[in-house]
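J.: Quick check, what structure comes out for this input:
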Amino acid sequence: MVNLLNSIRTLLIITFFISACTSVEPPCYREKGIKQEIRTVVSASSDTALIKMVEAKKMSRTIKYDEEGRMLEAINNRDNSSWTMQDFYEDEQHKMRLFSADYYDENQIDTTITITNDQFGRRLETLDNKGVKVLFTYSGCDKELRTDYAPDGTKSVEFELRFEYGVLQKTTGRYYPNAGTYPAITEYSDYNYDEKGHWISRIYHDDIKEVRTLEYY
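T.: Model (predicted):
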């Protein structure tokens, strides 16, 4: 169960970072019109131990968007602590910088700088203060890929998101050097939607339920 909760945290981070990728096609801003969302993770299982563990972690996330649906800020809370990630669309070329307070130490600030953007302002390459480089690619509205490289240039993680009609269906994480042997797969199902067509709840890992409260422009 500890591994399960760690994977939930990893998914929160990855889905933030991978929100902007490369393509000559216009971006697919799936959250257009949403001003703010609050995500809460609860248990969808009858397993009492799992319910207590998930509730004890009090995992939640607040995400703010601009009117186009581009993510501006994510505030993540767990275990009575919080950390913040922010995107800044700084100039006419929409250069983005990401600042994230370290999850385990709020006094430590990790800064990730966008090295290259596409014509829509989405990041193609980032570099953090630890020397980790990340490349982003984007295929239509159905596939997004993030690839991480360690400071020595070796590939460390590849994370793929698959969408259907703009809705996340599956994530696959490949951790090198055992990428083919131990892929981390998460499938999403049982979506419920509000009157505007945005999802407000879904299930993953079969027994984890994620609920969204939405505020619109």
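J.: Looking at stretch 185-197 now, give me its mean pLDDT.
T.: Mean pLDDT, computed over stretch 185-197, is 94.
J.: Contacts made by that stretch with the rest, please.
T.: Contacting residues not belonging to stretch 185-197 are listed as 7, 11, 33, 167-173, 199-205, 214, 216 [CB atoms under 8 Å, 6 or more residues apart in numbering]. Using the backbone N, CA and C atoms, a C-beta is placed for each residue, glycine as well.
J.: so where's this protein shaky on pLDDT?
T.: Filtered on pLDDT under 70, the chain yields the residue ranges 1-27, 44-58, 78-111, 121, 179-180.
J.: So which residues of it form strands?
T.: 34-43, 60-65, 71-78, 81-89, 96-101, 109-117, 123-128, 133-139, 143-149, 155-164, 167-175, 184-193, 199-204, 208-216 (DSSP state E).
J.: Next, the angle from the last one to strand 34-43.
T.: Per axes from the mean of the first three to the mean of the last three CA atoms, to 10 degrees, the angle that strand 208-216 makes with strand 34-43 is 160 degrees.
J.: Who are the packing partners of strand 208-216?
T.: Applying 3 or more CB pairs under 8 Å, 6 or more residues apart in numbering; DSSP states H and E, we find strand 208-216 packed against strand 34-43, strand 199-204.
J.: What pairs with the first one, parallel or antiparallel?
T.: This means strand 34-43. strand 60-65 (antiparallel), strand 208-216 (antiparallel) (DSSP bridges).
J.: Just say which of the ones you listed is most tucked in.
T.: Among these, ranked by average contacts under mean count of other CB atoms under 10 Å, first place goes to strand 60-65 (a mean of 18).
J.: Go ahead and name everything in contact with that one.
T.: 12, 31-32, 34-41, 71-78.
J.: just the buried members of those?
T.: 12, 31, 34, 37, 39, 41, 71, 74, 75, 76, 77, 78 (16 or more other CB atoms under 10 Å).
J.: Could you measure from residue 170 over to residue 31?
T.: 19 Å (CB to CB, to the nearest Å).
J.: Next, count neighbours for residue 200.
T.: 15 (other CB atoms under 10 Å).
J.: what separates it from residue 194, distance-wise?
T.: Taking CB to CB, one finds residue 200 at 5 Å from residue 194.
J.: swap in residue 38?
T.: 14 Å.
J.: Enumerate every residue touching residue 175.
T.: Applying CB under 8 Å, 6+ apart, the residues near residue 175 are 156, 157, 182, 184.
J.: How about residue 39?
T.: 60, 61, 62, 63, 210, 211, 212.
J.: Show me what the last one bridges to in the sheet.
T.: Read that as residue 212. Bridge pairing for residue 212 - DSSP bridges - gives residue 39.
J.: can you check the third one too?
T.: With beta bridges defined as DSSP bridges, residue 62 has these partners: residue 38, residue 75.
J.: Including distance to residue 116, could the helices and strands packed on strand 208-216 go into JSON lines?
T.: Listed next are these as JSON lines, based on distance: least, CB to CB, whole Å:
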{"stretch": "strand 34-43", "distance to residue 116": "27"}
{"stretch": "strand 199-204", "distance to residue 116": "31"}
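J.: between those, which gets nearest to residue 126?
T.: strand 34-43 (23.3 Å; CB to CB).
J.: Convert the closest one to CSV, retaining C-alpha atoms only.
T.: Below are the C-alpha coordinates for strand 34-43, written out as CSV (Å, rounded to 0.1, in the frame of the first residue of the first chain):
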residue,chain,number,x,y,z
ILE,A,34,-12.0,26.2,-15.6
LYS,A,35,-10.6,28.8,-13.3
GLN,A,36,-9.7,26.5,-10.4
GLU,A,37,-10.0,22.8,-9.5
ILE,A,38,-9.6,21.0,-6.2
ARG,A,39,-8.7,17.4,-6.5
THR,A,40,-9.2,15.0,-3.5
VAL,A,41,-8.1,11.4,-3.4
VAL,A,42,-10.4,9.0,-1.5
SER,A,43,-10.8,5.3,-1.3
